[in-house]
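# model this:
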Amino acid sequence: MAHILIVDDSPTERHFLKSVLTQNGYDISLAENGEQGIELAKSRHPDLILMDVVMPGMNGFQATRHLTKAPETADIPVVIVTTKDEQTDRVWATRQGAKAYITKPVDGETLLQSVKSFLVC
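Residues are numbered from 1 along each chain as shown. You can find the predicted model right below:
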């Protein structure tokens, strides 16, 4: 079973993403901010990370850059999941190492298609 780390400061978003993914057979870990997401990624080494951008403290772009540059987590694909929908945000996410970009509100089917493009459940 593939393991996905969800990093989002919104309890509602974490619950929604977790529900969609657990119903489709994925194992889930949750983090409430970028710092906690980095810690969990290093300790649990998930197969995929879903990363919000707008969070207190370290934002999702900063956390993504850290994860994709660190040798112990560089092989974990990061998918940005955010309300930020500007082209400049998408370009910046790619420059930080993100492999995909999904805008909120998230459609469950779109989420699953993106996840499945990186994982085999």
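# contact partners of the helix or strand that contains residue 95?
Using DSSP states H and E, residue 95 falls within helix 87-96. Outside helix 87-96, the residues that touch it by Cβ atoms under 8 Å, 6 or more residues apart in numbering are 53, 61, 62, 64, 65, 68, 80, 82, 101. From N, CA and C alone the C-beta is placed, and that goes for glycine too.
# buried members of these into PyMOL, please.
With 16 or more other Cβ atoms under 10 Å as the criterion, this PyMOL line picks the buried residues out of the contacts of helix 87-96:
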select buried, resi 53+61+62+64+65+68+80+82+101
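# the very next helix or strand once past the helix holding residue 95 pairs with which strands, parallel or anti?
The C-terminal neighbour of helix 87-96 among helices and strands, as given by DSSP H and E, is strand 100-103. Strand pairing for strand 100-103, using DSSP bridges, gives strand 78-82 (parallel).
# what stretches of the protein score poorly on pLDDT?
120-121 (pLDDT under 70).
# give me the most central residue, it.
residue 50 (1.3 Å; Cα atoms, centre = their mean).
# touching, that residue and residue 77? I think so.
No. Contact criterion Cβ atoms under 8 Å: residue 50 and residue 77 do not qualify, at 9.9 Å.
# anything in contact with each of those two?
Counting by Cβ under 8 Å, 6+ apart, residue 50 and residue 77 have no common neighbour.
# ok, back up a step: so can I have CSV of the contacts of helix 87-96 showing distance to residue 22?
As requested, the contacts of helix 87-96 are arranged in CSV below (distance: Cβ to Cβ, whole Å):
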residue, distance to residue 22
53, 23
61, 27
62, 28
64, 24
65, 29
68, 26
80, 21
82, 22
101, 23
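# now the residue nearest to the centre of the chain, what's its secondary structure?
strand (DSSP: H, G, I helix; E, B strand; the rest coil).
# what sits against it?
Residue 50 touches 4, 5, 6, 7, 8, 17, 79, 81, counting by Cβ under 8 Å, 6+ apart.
# so what sits opposite it in the bridge?
residue 6, residue 79.
# can you give me the helices in this structure?
Per DSSP state H, the chain carries helices over the ranges 11-22, 34-44, 60-69, 87-96, 108-118.
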